[in-house]
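Engineer: Starting from these lines, generate the structure:
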Amino acid sequence: MKQMDGQKPKKFRHLFLDAEGTLYIPKNGRPHWEFWADPTPEAAVEFYELDKGVKETLESLKDQMDSICLVSHNPESILMALLEKFGIRHLFDEVMINGDKGKQIVEYLIRNGYRRENALMIGDTPKLDLFPVRRMGIESILVDRSYNFWADAERIKSLADLPTWLKIAEIAEEIGNVRPYVASLDDFVTADKLVAPSTSRALATKRLIGASWA
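Structural biologist: I've put the predicted structure just below:
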């Protein structure tokens, strides 16, 4: 079964993305605290770089989602300097700064007449991006980083894996709503290549098995 090829998904249609640690990361593996010791917009554009595949992923998802929003605790001046440098500001329908991310997302959904079960948060920090969002009844997944290994959550290696994760979620949703189903390799293959790396295939197995037995 193919999905998200020219049509919008049925499950997750509103994406909410964290910024630092999710979209952009320190260059050359430098620790985040080096920047925050003396943060300025000018220093930020020299210190951070987009994680691999982020811009291409956002561009590919833009027409497939009803909305894509940025939810960040970075100061506005720093955040906007980075979005301008990376050329990705236009890919977000709204930018939300500071505050409880779970509450901000719900307020956005209510204001626009969207359903919270169709929303998904992607971040890297459990205390900011996972727990507050889950408390509001919204699903959240983590970008896998060394500092969030302890959190119990579904994960993607980087934002570049998000389209694959969404495909898997859509397949699992169909399984849960229609009938039991045994996945084959074809579910994870495009016309000319695998759509998922090994880590995503492992996650696919977990999610599909769960849906099959629901």
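Engineer: okay, now Arg134: neighbour count?
Structural biologist: 15 (other Cβ atoms under 10 Å). (C-beta placed from N, C-alpha, C; glycine too.)
Engineer: and Thr125, how far is that from Ser72?
Structural biologist: 11 Å (Cβ to Cβ, to the nearest Å).
Engineer: Compare these two (neighbour count), which wins?
Structural biologist: The neighbour comparison of Thr125 against Ser72 (other Cβ under 10 Å) goes to Ser72, with 24 against 20.
Engineer: In this structure, what residue spans correspond to helices?
Structural biologist: Taking DSSP state H, the helices of the chain run over residues 32-36, 41-47, 54-62, 76-86, 101-112, 131-135, 162-177, 198-212.
Engineer: tell me the phi and psi of Asn74?
Structural biologist: phi -70, psi 150 (degrees, to the nearest 10).
Engineer: what touches both of Thr125 and Ser72?
Structural biologist: Asp18 (Cβ atoms under 8 Å, 6 or more residues apart in numbering).
Engineer: Dump the helices of the chain into CSV; add distance to Leu17 and mean pLDDT as well.
Structural biologist: What follows is the helices of the chain, written out as CSV (distance: least, Cβ to Cβ, whole Å; pLDDT from 0 to 100):
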stretch, distance to Leu17, mean pLDDT
helix 32-36, 18, 95
helix 41-47, 18, 97
helix 54-62, 8, 97
helix 76-86, 11, 97
helix 101-112, 11, 98
helix 131-135, 12, 97
helix 162-177, 9, 86
helix 198-212, 18, 50
